[in-house]
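Student: Build me a model:
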Amino acid sequence: SDHAIYRLSSGINAEYGGAYPDSELVFTDEISRTVRSCNLSMLNLWKIGPKLHRNLKIKLVNSLVHSLTDYCSGLLAGLLSKDLDRLQKVQNSAVRFVFGQRQYRGTTAPRKSLHFLPVRSRIEFKLCLLTNKSLNGLTPKYLTNLLHRRTLTSNRLDDDPTYLVKSIIKYVPNRGAFSVAAPAAWNKLPKNLRECPTLEMFKTYLKTFLSKKTYEC
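Tutor: Take a look at the predicted model:
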């Protein structure tokens, strides 16, 4: 919650949703731990890679790499590119492993064929999914209370009750606060996606939207 963010920004060392941010909420140490764990897994996987079928490689990547890079990834919204790039390099290595590619080969086309979203899109997916759950009462109230739908107060063309109000945090210089990052990501979604009637439909349409945004732009 934003309350937890205020406390953490004061330098209090705490666990936040299973992750360990530092006092500046940039998660540098947490990302370093994740990268080390993934690299160790990839080192071991490369040793047995030639003996594995591609479908099994995909399952191993999802179990040993994506499970770590996706964990609490909604907290990584708004972080510095240099930190997110470190996670992206891990995924790039995993994609090369699946196809048995050498280093420095491009990974965009292979990643698309595997239907893997890149790291930034995976973070956006998690954030929008959590926002959808919060708006539909599927998360604790401390999250739900951070989100406020826009009220119709004028005849402006962009007035839409499916939009969320973006909160302003005066004392925490972090764009990743849920009350800031969630509305920013949510308001970028097309209206038909924001109005999805079921969670499963939302997840399916959201992945399709992010895939097109990533690979067809």
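
Student: pLDDT value on residue 166, please?
Tutor: Looking at residue 166, its pLDDT is 81.

Student: what's the answer for residue 73, then?
Tutor: 88.

Student: same deal with residue 16?
Tutor: Confidence score, pLDDT, at residue 16: 47.

Student: i'd like the first residue to be 8 from this point on
Tutor: With 8 as the first residue, the last one maps to residue 23.

Student: Mean confidence (pLDDT) on the lengthiest helix in the chain, please.
Tutor: Taking DSSP state H as the criterion, the chain has its longest helix at helix 35-55. For helix 35-55, mean pLDDT is 95.

Student: for that helix, packing partners?
Tutor: Judged by 3 or more Cβ pairs under 8 Å, 6 or more residues apart in numbering; DSSP states H and E, helix 35-55 is in contact with helix 61-68, helix 74-76, helix 88-106. Where C-beta positions appear, they are placed from N, C-alpha and C, glycine not excepted.

Student: okay, it in CSV with CA atoms only?
Tutor: C-alpha atoms of helix 35-55 as CSV (Å, rounded to 0.1, in the frame of the first residue of the first chain):
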residue,chain,number,x,y,z
THR,A,35,18.1,-2.9,-6.9
ASP,A,36,19.1,-5.6,-4.4
GLU,A,37,16.0,-7.6,-5.0
ILE,A,38,16.6,-7.5,-8.8
SER,A,39,20.2,-8.6,-8.2
ARG,A,40,19.1,-11.6,-6.2
THR,A,41,16.6,-12.5,-8.9
VAL,A,42,19.2,-12.2,-11.7
ARG,A,43,21.8,-14.3,-9.8
SER,A,44,19.2,-17.1,-9.2
CYS,A,45,18.1,-17.0,-12.8
ASN,A,46,21.6,-17.0,-14.2
LEU,A,47,22.5,-20.0,-12.0
SER,A,48,19.4,-21.9,-13.3
MET,A,49,20.3,-21.0,-16.9
LEU,A,50,23.9,-22.2,-16.4
ASN,A,51,22.6,-25.6,-15.3
LEU,A,52,20.0,-25.7,-18.0
TRP,A,53,22.5,-25.0,-20.8
LYS,A,54,24.4,-28.1,-19.7
ILE,A,55,21.5,-30.4,-20.3
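
Student: buried stuff in it?
Tutor: 35, 37, 38, 41, 42, 45, 48, 49, 52 (16 or more other Cβ atoms under 10 Å).

Student: looking only at pLDDT, what's the mean for the one helix or strand residue 190 maps to?
Tutor: In this assignment (DSSP states H and E), residue 190 forms part of helix 185-193. Helix 185-193 shows a mean pLDDT of 92.

Student: about what we covered before: and the angle for the longest helix of the chain with helix 88-106?
Tutor: For helix 35-55 against helix 88-106, the angle by axes from the mean of the first three to the mean of the last three Cα atoms, to 10 degrees is 10 degrees.

Student: contact partners of helix 35-55?
Tutor: Helix 35-55 has contacts (Cβ atoms under 8 Å, 6 or more residues apart in numbering) with 26-29, 64, 67-68, 71-72, 75-76, 78, 83, 90, 93-94, 96-97, 100-101, 104.

Student: Since that was my last question, I'll sign off now.
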